[in-house]
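Undergrad: Provided below for reference: sequence and predicted model.
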Amino acid sequence: MEQSFIMIKPDGVRRGLIAEILTRFQQKGFTLRGAKLMQMEQALAEQHYAEHKERPFFPDLVEFITSGPVFAMVWEGEGMIAEARRLIGSTDPAEAAPGTIRGDLAVKKSENVIHGSDSPESAEREINLFFQKHELIETGKNSVIS
Ligand code: RTP
Ligand code: MG
């Protein structure tokens, strides 16, 4: 079954949106395989967003994502990667449809509450970047939240 790396960004954690976002993924029917509250170091932020390192917004992006704790998760389900991006909505909350997480809960492109992997390659890379094997509940075993 497909897995995706999903992360509530510092603005979402600061604004008390962890439970709201967990509920949306649970209610959709996805399964949580791992989760942790953590402070990202600059090096991890630069690795996570390496694809954007030449973009003008990169320094601000790294500063923002390390500005406070994030809530990192691995979710599993049918078509998980694309479905998570659908639940999350467009990068710019101003363009995100109502009913999506960014459409309902965010206003600014630079503080858009949540990250979701954009491809199977990104998902595998990001899961390995943030989680060690023993931190994830194996596929097939019931997780605490499903
Ligand atoms: P994310 O990786 O954070 O889940 O967001 P995304 O896939 O929807 O968007 P992506 O293109 O990967 O961009 C990563 C984050 O960089 C900020 N951004 N700013 N100023 C700009 O034009 C611009 N473009 C992107 C956004 O905060 C975006 O989430
Ligand atoms: Mg992205």
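TA: Noted; the coordinates are in hand. Residues are numbered from 1 along each chain as shown. Ligands and ions are numbered 1, 2, ... in the order given.

Undergrad: strands along the protein, start to end?
TA: With strands called from DSSP state E, the chain shows them at 3-8, 31-38, 70-76, 114-116.

Undergrad: who wins for proximity to residue 125 among those?
TA: Within those, the stretch nearest residue 125 is strand 3-8; the backing value is 8.4 Å (C-beta to C-beta). From N, CA and C alone the C-beta is placed, and that goes for glycine too.

Undergrad: in its sheet, which strands sit next to the closest one, and in what direction?
TA: As defined by DSSP bridges, the strand partners of strand 3-8 come to strand 70-76 (antiparallel), strand 114-116 (antiparallel).

Undergrad: so which residues on the protein come close to ligand 1?
TA: With C-beta under 6 Å from any ligand atom as the criterion, the chain meets ligand 1 at residues 52, 57, 61, 91, 109-110, 112, 115-116, 118.

Undergrad: taking the residues you listed, please make a PyMOL selection of just the buried ones.
TA: Paste this into PyMOL to select the buried members of those, with burial taken from 16 or more other C-beta atoms under 10 Å:
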select buried, resi 61+112+115+116
